[in-house]
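>>> Here is my input, please return the structure:
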Amino acid sequence: MRTVWSILNKLGVPITPVIWQRFIQMMLDLGRSEVGGKARLLFALLIIFLCAINGLNVLNSYVNRDFMTSIEHRNMDGFVFFAVMYLLVIGIATVVTVLYRYAEESLGLLWRKWLTRHAIDRYLDNRIYFRLHATGELTNPDQRISEDIRALTATTISFTLMFLNATFTVVAFSGVLWSISPLLFVVAVAYSILGSLLAIYLGKPLVKLNYDQLDREANFRSRLVHVRENAESIALLRREGRLKARLRDRLDDLTANFQRIILINRNLGFFTTSYNYLIQIIPALIVAPLFIKGHADFGVITQSAVAFTHLLGAFSLIITQFQSISAYTAVVARLNALRDAMIKERPVRSPTVEFSEDCGSVAFEQLTLYEPRDGRILVKDLSLSIPAGISLLVRSTSESAEKALFRATADLWHQGEGRILHPGHDAIFFLPERPYLPPGTLREVLLRTGQENGIPDWKIRASLKSLNLEHALLKAGGLDTEQNWSDLLSLSEQQRLAFARVLLAAPRFVFLDHPSRSLSECAVGELLNLLRYQDITYLTLGDAADDPRFYDRLLEIGEDGSWRLSPPGGSKTIGNDTGAAANVTIPEASPKPDGGPP
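Numbers count the residues shown, from 1 in each chain. Predicted coordinates for the structure are as follows:
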């Protein structure tokens, strides 16, 4: 067994005993899950059907033997009887085989649904999907969840049943073959062992090639998806030539690897084809002399051929299934890599983000953020507390510093140190520069999951009216018509729709990422006043052109990470631009009149 692991590791596919232990644990978890009872029932039915199929195959070999012997002896009564028996056995075997296939596919679907749900839950928990995308440590996790899990569940059940069937076949037909000729039994065992060794030698490169092919296929498909999702931008910018070149490169990459697979399969095919052809003649070469000498009936020749074929098929699983085994091994390794990536711990040097429902402010304590590629300091020793009701404008000549602060507050930036406190993700919203509006109904876009029936329609319509989005409601065809919003609405309308979601959710804080880049200054002012009117405290990443009069404080971050806090139009500053850290709590500000800038 250790030799197998070492071969696979040399091929670049990290299959280890630990992976198989996890694999077995996964199947045990399925048995203990909420669908475990149904899964165990289906598996028990499969075992029963397997036993029935093998019993019918043994019975059929004897019926076929006596049928052929009746022909040899010109026995009409025996011929008719065994012909009827032959048809009856075939009929029963057909029913059992169809039910066996149905139970196998049902178990595979049940397992796939259960395993995919668990993978999706883990993938979306703790923003693992973002970490995998940001770090690039794992290629094509989406393909592994969709395609590899499908292949894993279907192939695992298929291989398990083939192994069990082979075991039952060996038990059932070894006695039959030994009773005909002990020599034929020995030849079957020796022939299968020799063939398996040669198949492993000729086909072992397939494991690594199949592992690589799965990634190359996924890379090619992801490029095609990119073209579909960005069709309008590509057409406007006339980038077809560059994309065509990249698609051709991906196509050349996957076809070159697949060509190597074809060559290995060709060499393996020469061996397996000749191996299978010889199976048909070997029993006759050994049993025919017994018939010629009068030591066996004619039907024994056909019975020996049937028994030899079944027994050799059971012993030759590696030969007949080597291509499938190599692809399956690659799938197991890829899914194990996905599991390891999803349970990987957060880097030790990262900001600590703490949530407290009683927290009435957003606070940064000695927060230092680094550029992940070169370790450059983006924000240095930021110590600042922003209470509810105090709006903050953040400016920096370094957009990387702004993005780092935005993402760190959302617990998405893991290169840094220090402490961040805020009242939790339900009480603080983050609006990215480009709004995210997934396909769905307007009600689903505007409301949090689970709140679809908790907020009345009049309140939703009032929120849309306050943002001049009545036309968007008409375009959408109502609140419950599914639409693709990126195609239906302009970028400005999408941004307003994102603001409508904030107004309906009414969090304590909202962190805005450069809203003025998709909205006019007047529109931004109106939206900020709506937020203030609903007592939603806003923190904004802004540009030099943003009007500071809409804010109570201005935080400026320098290229070296130093920071300075000041009133929007004042000269008094507090910060660490001289190298000393400051712990600043912004005092409560006097209320601003509604309907105008503060």
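>>> Next, count neighbours for residue 191.
Residues near residue 191, counting by other C-beta atoms under 10 Å, number 18. Using the backbone N, CA and C atoms, a C-beta is placed for each residue, glycine as well.
>>> hmm, I was thinking of residue 120
Counted with other C-beta under 10 Å, residue 120 comes out at 14.
>>> Could you name the helices and strands sitting against the biggest helix by length in the chain?
Ranked by residue count and defined by DSSP state H, the top helix of the chain is helix 240-292. Contact here means 3 or more C-beta pairs under 8 Å, 6 or more residues apart in numbering; DSSP states H and E; on that basis helix 240-292 packs against helix 182-203, helix 205-229, helix 298-315, helix 317-320, helix 322-342.
>>> need the ones you listed in JSON lines with distance to residue 47 and mean pLDDT, can you?
Below are these laid out as JSON lines (distance: least, C-beta to C-beta, whole Å; pLDDT from 0 to 100):
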{"stretch": "helix 182-203", "distance to residue 47": "24", "mean pLDDT": "76"}
{"stretch": "helix 205-229", "distance to residue 47": "30", "mean pLDDT": "80"}
{"stretch": "helix 298-315", "distance to residue 47": "16", "mean pLDDT": "66"}
{"stretch": "helix 317-320", "distance to residue 47": "18", "mean pLDDT": "62"}
{"stretch": "helix 322-342", "distance to residue 47": "21", "mean pLDDT": "75"}
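>>> Reformat those helices as a markdown table; add distance to residue 360.
Shown next, in a markdown table, are those (distance: least, C-beta to C-beta, whole Å):
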| stretch | distance to residue 360 |
| --- | --- |
| helix 182-203 | 66 |
| helix 205-229 | 41 |
| helix 298-315 | 72 |
| helix 317-320 | 67 |
| helix 322-342 | 35 |
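>>> Just name the most buried of these.
helix 298-315 (a mean of 22; mean count of other C-beta atoms under 10 Å).
>>> so how far is the longest helix of the chain from its chain's centroid?
Chain-centre distance of helix 240-292: 30 Å, with C-alpha atoms, centre = their mean, to the nearest Å.
>>> Provide the secondary structure category for residue 419.
Judged by DSSP: H, G, I helix; E, B strand; the rest coil, the three-state class of residue 419 is strand.
>>> For stretch 225-244, what is the spacing between the initial and final residues?
End-to-end span of stretch 225-244 (C-alpha to C-alpha, to the nearest Å): 13 Å.
>>> hmm, back to that, closest to residue 45 out of the helices and strands packed on helix 240-292?
Closest to residue 45 of the helices and strands packed on helix 240-292 is helix 298-315 (C-beta to C-beta; 21.6 Å).
>>> For the protein, which segments count as strands?
Using DSSP state E, the strands assigned to the chain run over residues 352-355, 361-370, 377-387, 392-396, 416-422, 428-431, 509-513, 537-541, 553-557, 563-566, 574-575, 584-585.
>>> Redo those as CSV? Include mean pLDDT.
Shown next, in CSV, are these (pLDDT from 0 to 100):
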stretch, mean pLDDT
strand 352-355, 67
strand 361-370, 89
strand 377-387, 90
strand 392-396, 91
strand 416-422, 86
strand 428-431, 88
strand 509-513, 91
strand 537-541, 92
strand 553-557, 91
strand 563-566, 88
strand 574-575, 54
strand 584-585, 57
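>>> possible to save those as CSV with mean neighbour count?
Putting those into CSV (neighbours: other C-beta atoms under 10 Å) gives the following:
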stretch, mean neighbour count
strand 352-355, 15
strand 361-370, 22
strand 377-387, 21
strand 392-396, 22
strand 416-422, 19
strand 428-431, 20
strand 509-513, 23
strand 537-541, 23
strand 553-557, 22
strand 563-566, 20
strand 574-575, 18
strand 584-585, 16
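>>> With distance to residue 525 as extra columns, can I get those in JSON lines?
What follows is the strands of the chain, written out as JSON lines (distance: least, C-beta to C-beta, whole Å):
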{"stretch": "strand 352-355", "distance to residue 525": "31"}
{"stretch": "strand 361-370", "distance to residue 525": "22"}
{"stretch": "strand 377-387", "distance to residue 525": "21"}
{"stretch": "strand 392-396", "distance to residue 525": "13"}
{"stretch": "strand 416-422", "distance to residue 525": "25"}
{"stretch": "strand 428-431", "distance to residue 525": "16"}
{"stretch": "strand 509-513", "distance to residue 525": "13"}
{"stretch": "strand 537-541", "distance to residue 525": "12"}
{"stretch": "strand 553-557", "distance to residue 525": "16"}
{"stretch": "strand 563-566", "distance to residue 525": "21"}
{"stretch": "strand 574-575", "distance to residue 525": "27"}
{"stretch": "strand 584-585", "distance to residue 525": "27"}
